[in-house]
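J.: give the three-dimensional model of this entry:
(one chain, ligands or ions: 2)
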Amino acid sequence: MAYRAATPIAEALKGSGRVTLRGWVYRKRELRDKIFVVLRDSTGIIQLVFSRGTPAFDIAERLNMESALVATGTLKEEPRAPGGKELHVESVDWYYVGKPYPINEDAAQADSEYLLDVRHLWLRSRRMQAVLKIRHTVFGAIHEWFRRRGYYEVQAPMFITAAVEGGATLFKVNYFDDVVYLTQSSQFYLEALIYSLERVYTVAPSFRAEPSRTRRHLTEFWHAEAEEAWIGLEDLMGITEGLISYIVERVLEERQDELKLLGRRTAPLESVKPPFHRVSYDEAVEILKKKGFKIEWGDDIGADEERALTLEFDKPVQLFGFPEKVKAFYHRNDPKRPEVTLSVDVLAPEGYGEVIGGGERIYDEEELVDKIKRFGLNPKDYQWYIDLRRYGSVPHAGFGLGVDRVVMWIAGLDHIRDAVPFPRDIRRKYP
Ligand code: 4AD
Ligand code: MG
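T.: Ligands and ions are numbered 1, 2, ... in the order given. Okay, the predicted model is just below:
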């Protein structure tokens with residue numbers, strides 16, 4: 001069939017002569033003797049010209065937005081056309097006339113809730129195409145980076161029996177005669193796996209029953225997590241800044257067109273190179289106080305505070321040394337300063353805030369059991385996790401990177417749901 005041998009639009013724009021193209025109607029304009037159709041495929045857009053009196057013209061008259069077609073014609077230079085070339089169509093080899101398309105560019109601007117309802121169609125927009133391509137590069141870069149450094153990719157279960165990140169955001173699921181939870185993080189399973197493979201990573205969904213709608217929270221998000229034996233906080237900060245810098249570098253190499261289409265300024269991304277700024281929690285509190293925030297040592301650092309902090313720096317910030325109270329129980333306390341944990345959050349610049357959370361884990365059995373009790377939790381719920389500390393336990397550390405947040409930041413988006421093809425939040429589970 002003719003449409004199996006079509007040329008991608010981006011390639012056609014670089015070539016000349018006779019080609020077959022296939023795609024969807026992105027725009028259409030009718031003059032008396034001519035119809036201009038801008039055709040879209042996954043690689044770009046090109047203008048098609050249909051002339052009255054040809055059979056192709058009669059078909060073009062019937063095409064509306066997002067109709068599909070395969071057309072053959074001859075490429076001509078046309079400086080006014082997108083990409084500088086247009087295709088003078090000689091034949092339409094196949095087509096599928098669409099119903100009136102329920103999205104137009106005005107609706108697109110007007111009502112983002114509507115665009116979420118028709119997300120299955122909005123994915124075809126050039127904007128979503130650009131985001132999805134950046135997302136593709138980000139996921140690829142994560143795998144490249146870990147694999148090149150000798151991390152083994154592993155998989156952890158999504159059905160779990162005890163909270164990693166606190167009970168408040170657990171989703172309950174009926175499990176035959178029992179109840180289980182959806183995982184909030186694969187961390188504990190990665191901790192088990194380091195005793196086999198030493199350096200492991202996974203890229204998987206995590207689930208949080210986040211009760212509020214914010215710009216940076218989803219109920220289902222993609223989590224890139226790593227765990228490594230024999231390392232401490234200082235090593236970990238080298239790893240997180242290496243990974244983030246590599247992701248940004250790959251997007252800058254591969255996705256200039258997409259960043260441009262999204263109107264993303266690339267200058268702030270160019271400076272994302274190691275070393276990042278290292279700011280202790282203590283220093284952060286002082287900076288925030290000076291900026292007029294009502295914050296005391298021991299308080300958590302929320303989204304507004306993170307935003308203010310990142311605006312002080314031109315690169316991502318490694319915010320380390322959080323108080324025990326504001327971090328989950330598994331974080332190792334600093335032996336020199338027990339009220340503080342050996343933890344780090346990486347904050348993306350330009351106001352974006354936390355994209356990574358991680359730190360050293362408690363590796364001593366007694367210390368872990370004590371802390372579980374101190375946090376009002378039941379050691380019985382964490383039996384196998386505690387068991388890991390009974391047989392050749394070693395110092396180790398790890399982190400989790402919110403992939404959707406990284407895409408949001410790199411693509412310069414206002415809302416995390418625009419970074420995801422089918423977002424899920426407290427109000428949205430369709431389509
Ligand atoms: O800081 P969090 O909660 O840390 C953990 O889950 C650790 N157990 C990870 C680890 O050490 N293996 O989550 C890690 C990251 C956050 O920095 C954020 O980027 C992202 O996951 N994240 C979310 N992204 C979107 N929506 C949510 N509701 C998110 N919650 C966390
Ligand atoms: Mg966190």
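
J.: the strand or helix carrying residue 318: partners in the sheet, and parallel or antiparallel?
T.: Using DSSP states H and E, residue 318 sits in strand 317-320. Using DSSP bridges, the strands paired with strand 317-320 are strand 277-280 (parallel), strand 343-348 (antiparallel).

J.: helix or strand next in line after the shortest one, which one?
T.: The one in question is strand 277-280. helix 281-290.

J.: can you show me the CA trace of stretch 259-277 as PDB?
T.: What follows is stretch 259-277, C-alpha atoms only, in PDB (Å, rounded to 0.1, in the frame of the first residue of the first chain):
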ATOM      1  CA  LEU A 259      12.000  23.900  23.600                       C
ATOM      2  CA  LYS A 260      11.600  26.700  21.100                       C
ATOM      3  CA  LEU A 261       8.100  25.700  20.200                       C
ATOM      4  CA  LEU A 262       7.200  25.800  24.000                       C
ATOM      5  CA  GLY A 263       8.900  29.200  24.300                       C
ATOM      6  CA  ARG A 264      11.300  27.800  26.900                       C
ATOM      7  CA  ARG A 265      14.300  30.000  27.600                       C
ATOM      8  CA  THR A 266      17.400  27.800  27.400                       C
ATOM      9  CA  ALA A 267      19.900  30.100  29.100                       C
ATOM     10  CA  PRO A 268      18.900  28.900  32.600                       C
ATOM     11  CA  LEU A 269      19.300  25.300  31.500                       C
ATOM     12  CA  GLU A 270      22.700  25.800  30.000                       C
ATOM     13  CA  SER A 271      24.100  26.600  33.400                       C
ATOM     14  CA  VAL A 272      22.900  23.300  35.000                       C
ATOM     15  CA  LYS A 273      26.300  21.800  35.500                       C
ATOM     16  CA  PRO A 274      28.000  20.300  38.600                       C
ATOM     17  CA  PRO A 275      28.700  21.400  41.200                       C
ATOM     18  CA  PHE A 276      25.200  22.600  42.300                       C
ATOM     19  CA  HIS A 277      24.900  25.000  45.200                       C
END
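
J.: at contact distance from ligand 1, anything in the strand holding residue 318?
T.: No. Remark: strand 317-320 sits outside contact range of ligand 1, by C-beta under 6 Å from any ligand atom, the gap being at least 11.0 Å. C-betas here are computed from N, CA, C, even on glycine.

J.: which residues touch that strand?
T.: Residues outside strand 317-320 that contact it (C-beta atoms under 8 Å, 6 or more residues apart in numbering) are 233, 237, 240-241, 276-281, 284, 301, 309-310, 342-347, 349, 359.

J.: quick one: distance of that strand to the chain centre.
T.: Centroid separation for strand 317-320 versus its chain: 20 Å, with C-alpha atoms, centre = their mean, to the nearest Å.

J.: where is the longest strand in the protein?
T.: Identified as the longest strand of the chain according to DSSP state E is strand 17-30.

J.: which residues touch it?
T.: The contact list for strand 17-30 (C-beta under 8 Å, 6+ apart) reads 2-3, 5-7, 9, 12, 35-41, 45-46, 48, 60-61, 63-75, 87, 93-94, 98, 124, 126.

J.: buried ones in the following helix or strand past it, by neighbour count?
T.: Sequence order places strand 34-40 as the next helix or strand after strand 17-30, per DSSP H and E. For strand 34-40, the neighbour count (16 or more other C-beta atoms under 10 Å) marks 35-40 as buried.

J.: and strand 34-40, which strands flank it?
T.: If you go by DSSP bridges, strand 34-40 pairs up with strand 17-30 (antiparallel), strand 45-51 (antiparallel).

J.: which neighbouring elements make contact with the next helix-or-strand element following the last one?
T.: So the one you mean is strand 45-51. Sequence-wise, the next helix or strand downstream of strand 45-51 (DSSP H and E) is helix 55-62. Contact partners of helix 55-62 among helices and strands, from 3 or more C-beta pairs under 8 Å, 6 or more residues apart in numbering; DSSP states H and E: strand 34-40, strand 45-51, strand 85-96.

J.: winner for burial among those strands?
T.: Highest mean neighbour count among the helices and strands packed on helix 55-62 (mean count of other C-beta atoms under 10 Å): strand 45-51, with a mean of 22.

J.: sorry, back to before: can I get the longest strand of the chain in CSV, CA atoms only?
T.: This file holds the C-alpha atoms of strand 17-30, laid out as CSV (Å, rounded to 0.1, in the frame of the first residue of the first chain):
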residue,chain,number,x,y,z
GLY,A,17,11.0,16.2,-6.1
ARG,A,18,8.1,13.8,-5.9
VAL,A,19,7.1,12.4,-2.5
THR,A,20,4.3,10.7,-0.7
LEU,A,21,3.3,12.2,2.7
ARG,A,22,0.9,11.0,5.3
GLY,A,23,-0.6,12.7,8.3
TRP,A,24,-3.4,14.7,9.7
VAL,A,25,-5.0,18.1,8.7
TYR,A,26,-3.6,20.7,11.1
ARG,A,27,-5.1,23.7,9.3
LYS,A,28,-7.1,24.3,6.2
ARG,A,29,-7.7,27.5,4.1
GLU,A,30,-9.8,27.6,1.0
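
J.: in that strand, which residues are buried?
T.: 19-26, 28.

J.: and ligand 1, which of the residues you listed contact it?
T.: Under the cut-off given by C-beta under 6 Å from any ligand atom, ligand 1 has nothing from the buried residues of strand 17-30 close to it.

J.: would you turn the residues you listed into JSON lines with distance to residue 363 and pLDDT?
T.: Formatted as JSON lines, those follow (distance: C-beta to C-beta, whole Å; pLDDT from 0 to 100):
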{"residue": "19", "distance to residue 363": "62", "pLDDT": "97"}
{"residue": "20", "distance to residue 363": "62", "pLDDT": "97"}
{"residue": "21", "distance to residue 363": "60", "pLDDT": "97"}
{"residue": "22", "distance to residue 363": "58", "pLDDT": "97"}
{"residue": "23", "distance to residue 363": "56", "pLDDT": "98"}
{"residue": "24", "distance to residue 363": "56", "pLDDT": "98"}
{"residue": "25", "distance to residue 363": "60", "pLDDT": "98"}
{"residue": "26", "distance to residue 363": "57", "pLDDT": "97"}
{"residue": "28", "distance to residue 363": "65", "pLDDT": "97"}
